[in-house]
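can't give you the sequence, but here's the structure:
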């Protein structure tokens, strides 16, 4: 039974991998709502973000992968905003600011698609267009890699590493498109690099456990 569950989980994660590729932080891995979040949540199917990473659930709800990405990003924005507000209302303004910085790092390239972030950066239409093209390039390359490895789950880790590198390079190109004042705003939005330890301490609802380190640059 344990072996079957492992196979089922791996298949589910594999299906959602390309769908959430652009949500990866520059150093690889996924934010809380993506593949990494699925690993941290643990209790199969109880987390709504995990449900929307499952193709069978999307089919049942008659939602496309693009629908799921949009919904998950809005979910991430709202929950992160609520947590930051709770911290701020509790007199922990510095912690609220840092939480938002960590979230921006975790969004990676997709941070520029966040309405609030784009507004703060005052992105021009040309900048938005060029960044969108970078996103499409990463998505296409990720799709090609996924097709190449087929259902060979043993190559998943290698693929994720390559996709992470693609995102890191694309993010670098995107920030180079920014003007000096925009770069200063971006630096304020991301703050200093943060290293997230997956599964360390309390972890997610699935409980504590060991894990590997993940760094966002």
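Structure's in. What do you need? Just so it is clear, the structure is predicted and the values come from calculations on it, not from any experiment.

List of residues touching stretch 109-125?
If you take C-beta atoms under 8 Å, 6 or more residues apart in numbering as the criterion, stretch 109-125 is touched by 22-23, 73, 77, 104, 107, 128, 131-132, 134-135, 138, 167, 170-171, 174, 178, 182, 185-186, 189. C-beta: built from backbone N, CA, C; applies to glycine.

please redo it, this time with the cut-off set to 7 Å
Residues from elsewhere that reach stretch 109-125, judged by C-beta atoms under 7 Å, 6 or more residues apart in numbering: 22-23, 73, 77, 104, 107, 131, 134-135, 138, 167, 170-171, 174, 182, 185-186, 189.

So which of those residues belong to helices?
Using DSSP state H, 73, 77, 104, 107, 131, 134-135, 138, 167, 170-171, 174, 182, 185-186, 189 are the members of the contacts of stretch 109-125 that sit in helices.

can you name the two of these that are farthest apart?
Largest separation among the ones in helices among the contacts of stretch 109-125 by C-beta to C-beta: 138 and 185, giving 23.2 Å.

Which one's more surrounded, the two?
Neighbour count, other C-beta atoms under 10 Å: between residue 138 and residue 185, residue 138 has more, with 22 against 16.

Would you confirm that the more buried one contacts residue 170?
Yes - the pair residue 138 / residue 170 is scored as a contact, 5.1 Å apart, by C-beta atoms under 7 Å.

Which parts of this structure are strands?
194-197, 213-216 (DSSP state E).

any idea which of these scores lowest on pLDDT?
Lowest mean pLDDT within the strands of the chain: strand 213-216, a mean of 49.

picking that back up, now, which of the ones in helices among the contacts of stretch 109-125 sits nearest residue 146?
residue 138 (12.4 Å).

show me where pLDDT drops low in this protein?
In the predicted model, the chain carries pLDDT under 70 at residues 1-47, 198-217.

run the last query once more with 50
Within the chain, the segments meeting pLDDT under 50 span 1-20, 24-45, 201-212, 214, 216.

What ranges does it have for its helices?
In the chain, the helices defined using DSSP H lie at 2-17, 35-41, 48-51, 55-61, 65-89, 93-107, 115-121, 125-149, 156-176, 180-190.

if we can go back for a sec, could you identify the buried members of the ones in helices among the contacts of stretch 109-125?
73, 77, 104, 107, 131, 134-135, 138, 167, 170-171, 174, 182, 185-186, 189 (16 or more other C-beta atoms under 10 Å).

Pick the most buried one from the helices of the chain.
For those, the largest average neighbour count (mean count of other C-beta atoms under 10 Å) is found in helix 35-41, namely a mean of 23.

How about residue 159: what's its closest non-neighbour residue?
Nearest non-adjacent residue to residue 159, counting by C-beta to C-beta, 6 or more residues apart in numbering: residue 145, 5.1 Å away.
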